[in-house]
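In: Next input, structure requested:
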Amino acid sequence: MADSLKPPYLKKVEKRGDHQVCIVDGAYIRGHIDEEFTNFGQHYRYPYIPENELWIDREDDNDEREFFIEHLLLEHDLMAKGASYGEALTRADLLERKERRRAGDILKVTHKGKDLPDAKKVHERLWKKLENGVSIWIVNGRLVRSVFDIDFTAGGHEHVYEFVPEGEVWIDDDIEEKERGFVLLHELHERNRMAKGMPYSKAHAESSRIEFRCRHHPDELHDALTAEGWA
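Out: Residues are numbered from 1 along each chain as shown. This next block holds a predicted model:
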């Protein structure tokens, strides 16, 4: 079945009422359609998604799919009835957070869920330590979303997320190997600009433009990373 599907579709996994749940190639979407596509989406947030489809980026373990489906169903329903995206997102996040708590994720990084989570417990492996002292960590994205920020996507650093330790850049382990360099470029460029006082909105927009260019001109990626301190 997958062979007959066209990009960005990878497979159609199940039906939820009138909605078809589709696993999609997020890297393809971010490189060809929308560089701001995140872990999942529905029509009223991303108009290019058909109204009766729920899109979920492929995951290594598919271990967050149920969380994402419940979130999308509520978000879609609320926006179809006229709610703003902000209102729908807030309510869907609350529902998703309840499901994550029920799954017991918070207990994995705290003492019986009663203290602040330990950032080190989401580290999967050190990718590289740069000459300027910054450590690039591959992190458990599911745990980050469950205990720190439910909207964490792709990567981050301490100038955006207070829970990321100083001198660290985090890359979600669900980001495919072929896409990690582009995400890393975005995070390093954004971090370097914010460290010099640039506001997040401007730094993010600038980083997105550079990331998008390199996705279309991958031969420029190494030089762009080098310019941001990768060595």
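In: Give the next helix or strand downstream of the one helix or strand in the chain whose mean pLDDT sits lowest.
Out: Scoring the helices and strands of the chain by mean pLDDT, DSSP states H and E places helix 26-32 at the bottom, with a mean of 92. Downstream of helix 26-32, the first helix or strand assigned by DSSP states H and E is strand 40-42.
In: mind checking how far that following strand is from the chain centre?
Out: Computed by C-alpha atoms, centre = their mean, to the nearest Å, the chain-centroid distance of strand 40-42 equals 12 Å.
In: Which strands or helices does it pack on?
Out: Packing contacts for strand 40-42, counted by 3 or more C-beta pairs under 8 Å, 6 or more residues apart in numbering; DSSP states H and E, involve strand 53-57, helix 65-80. Every C-beta, even on glycine, is put in place using the N, C-alpha and C of the backbone.
In: rewinding a little: what are the contacting residues of the least confident helix or strand of the chain?
Out: 7-8, 36-37, 39, 57-58, 176, 178-179, 182, 212, 215-216 (C-beta atoms under 8 Å, 6 or more residues apart in numbering).
In: Buried ones among those residues?
Out: Using 16 or more other C-beta atoms under 10 Å as the burial test, the contacts of helix 26-32 include 8, 37, 39, 57-58, 179, 182, 212, 215 as buried.
In: Tell me the one among those nearest to Val24.
Out: Distances from Val24 to the buried ones among the contacts of helix 26-32, taken as C-beta to C-beta, are shortest for Pro8 (4.4 Å).
In: wait, the closest one sits on Ile23?
Out: No. Taking C-beta atoms under 8 Å as the definition, Pro8 is not a contact partner of Ile23, at 9.6 Å.
In: on that earlier part again, max pairwise distance over the contacts of helix 26-32: which two?
Out: Using C-beta to C-beta, these span at most 22.3 Å, a distance reached by Asn39 and His216.
In: buried residues in stretch 45-58?
Out: Result for stretch 45-58 [16+ other C-beta under 10 Å]: buried residues 45-46, 49, 53-58.
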